[in-house]
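[1] Quick one, what's the 3D model for this:
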Amino acid sequence: MKIRRIGCVLVLLLSAFIPLAATDSEHYGSLELHTSLAGSDSSAVPAAAGIIDANHRLYLSEGEFFLHHEAETDQSSVAEYTIHEAYLALFQDWGNLTFGRHRIPWGTGIFFSPTDALHPVSLTGEAETGFDGLSGTRLLSNGTTVTMAVSFSPVLDYAAAEADPGPDELGSKVRGAVSLGGYIGTLDWRTTMVYQWEKVFRPGISFSADLAGWILSLEGALELHNSLDYLPGTEDPELWDPYALVGSGIEKSWIGSTDTLTIISEYLYDQQGYSEKEAKMVYALLEAAGPGTDSTGTSPSLGRHYLNASIEYAHDNRVFTEHGVLLNLQDPSGVVSHALTYTVGTEIDFRLEGSWCFGGSGDSEFGLYAESAAQLDEVPDELAAYSLTASVTVHF
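    From the prediction side, this is the model:
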């Protein structure tokens, strides 16, 4: 806990003293008020919340300081504060150095990124919070870009969970990463490696290219360290089972004088089915669902093939529609989402959105969400069989 508190104090100190050295600055963000209804066929939970999202960028003589934070409160008056990014970047002739919580380009995927074991990853692919650490980027004379990073996020998570972790234990929680990339004609290539002692060892490679306006991408990784000791019923905690992850995608935009249409489709093959974090979440849902699980608590729906597709349409920079589907091709099951946004000027957005899970009951991945939602008194949006939301957002 002490380490995490020290980090918060450092962020506050940087926010207070760096403005004194700033040569210029910009501040922008949004205030969102929304009401939602989430649940299943047999129950539904209404909710209302307010979210303020703010960004601050301070330009220094040889760098910048950036802070992206968010505060959310709901009808229970419980406030949640999140720092998505808070970093100091130094720009030098030989390259850049970044310290703090930040994100760096990794892989070519938009929704799926098989090579990315560096940043926090959400089940919905919408995570925007960076990792806590430092990174450096250097552009070589031949056009190749080298990026190296060290993440202390696992250290902070472990220190928060343990009362008195020893230095040896903390040292094994540091995660390192290196990326080497460049261009061959219009082909964007990148090789990556992410490593953490007895936790992650993931080499990977990714490509993307623009072919007559069609953006094609291919990304693959091999996770060489995969201890299955977190699986219920596993007798051998040292069981080692390397697995492959492969993703591919296609994106195309048609831009007219007042209209823009964009289609995106991505496929993911995950040989393991679930990451450790996802598996623990699924087992928690199985426990909540009760019947339908076997003696080990495992699910027959550890899907290994996923497809995400979306279509976006914008008219006159005022009307925006988004339609998407995420499919577990192994079950099959999935979730469909739709959203409509109307913008007044450049400051106010009115938005309606909804999502629905479909598939079998507890024997499919998204059917499991629906079945668990029916048995929980309070249903989080990410676990609901359906979710309907209306919101107003003011940009500043």
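
[2] Could you tell me how far residue 134 is located from residue 267?
    34 Å (CB to CB, to the nearest Å). Heads up, the C-betas are built off the backbone N, CA and C, glycines and all.

[3] Low-confidence regions, the stretch 251-396 of the chain specifically.
    272-303, 360-363, 367-384 (pLDDT under 70).

[4] now the strands for it?
    259-270, 305-315, 319-328, 333-344, 348-358, 386-395 (DSSP state E, counting those that start in this stretch).

[5] So what are the sheet partners of the second one and their directions?
    Under the criterion DSSP bridges, strand 305-315 sits next to strand 259-270 (antiparallel), strand 319-328 (antiparallel) in its sheet.

[6] buried set for that strand?
    306-310, 312, 314 (16 or more other CB atoms under 10 Å).

[7] do the same with stretch 140-148
    Those would be 145, 147, for stretch 140-148 by 16+ other CB under 10 Å.

[8] nearest to residue 49, of the strands paired with strand 305-315?
    strand 319-328 (20.6 Å; CB to CB).

[9] Pretty sure residue 117 sits in a strand.
    No - counting by DSSP: H, G, I helix; E, B strand; the rest coil, residue 117 is not found in a strand; it is coil.

[10] What sits closest to it if chain neighbours are left out?
    residue 194 (4.1 Å; CB to CB, 6 or more residues apart in numbering).

[11] what does residue 271 give?
    According to CB to CB, 6+ apart, the nearest residue to residue 271 is residue 243 (3.8 Å).

[12] neighbours of that neighbour, just the number please.
    14 (other CB atoms under 10 Å).

[13] Who does it form a beta bridge with?
    residue 223.

[14] That one and residue 221 touch, don't they?
    No - in this structure, residue 243 is not within contact of residue 221 by CB atoms under 8 Å, at 9.5 Å.

[15] burial measure for residue 109, as a count.
    Neighbour number of residue 109 under other CB under 10 Å is 23.

[16] Kindly report the same for the one 5 residues further on.
    Using other CB under 10 Å as the criterion, residue 114 is surrounded by 24 other residues.

[17] And residue 269, by the same measure?
    When neighbours are counted by other CB under 10 Å, residue 269 comes out with 16.

[18] how about residue 267, what does it touch?
    Residues near residue 267 by CB atoms under 8 Å, 6 or more residues apart in numbering: 112, 247-249, 305-308.

[19] Name whatever forms a beta bridge with the nearest residue to residue 140 once chain neighbours are set aside.
    Nearest residue to residue 140 in three dimensions, chain neighbours excluded: residue 146, at 6.5 Å (CB to CB, 6+ apart). Residue 146 has these beta-bridge partners by DSSP bridges: residue 138, residue 180.

[20] What does the pLDDT read for residue 146?
    You'll see residue 146 listed with a pLDDT of 96.

[21] show me what contacts it?
    So residue 146 contacts 137-138, 140, 178-180 (CB under 8 Å, 6+ apart).

[22] out of those residues, which is most surrounded?
    residue 179 (24 neighbours).

[23] my guess is that residue meets residue 191, correct?
    Yes - contact status for residue 179 versus residue 191: in contact at 7.2 Å, counting by CB under 8 Å.

[24] circling back to that earlier point, element containing the residue nearest to residue 117?
    Secondary structure from DSSP states H and E places residue 194 in strand 187-196.

[25] Paired strands for that strand, with orientation please.
    Going by DSSP bridges, the partners of strand 187-196 are strand 175-184 (antiparallel), strand 200-211 (antiparallel).

[26] Can you list phi and psi of residue 174 for me?
    With angles defined as degrees, to the nearest 10, residue 174 sits at phi -70, psi 140.

[27] That one and residue 156 touch, don't they?
    No - applying CB under 8 Å, one finds residue 174 not in contact with residue 156, separated by 10.8 Å.

[28] Show me which of the two is the more surrounded one.
    Applying other CB under 10 Å to residue 174 and residue 156 shows that residue 156 carries more neighbours, namely 20 against 16.
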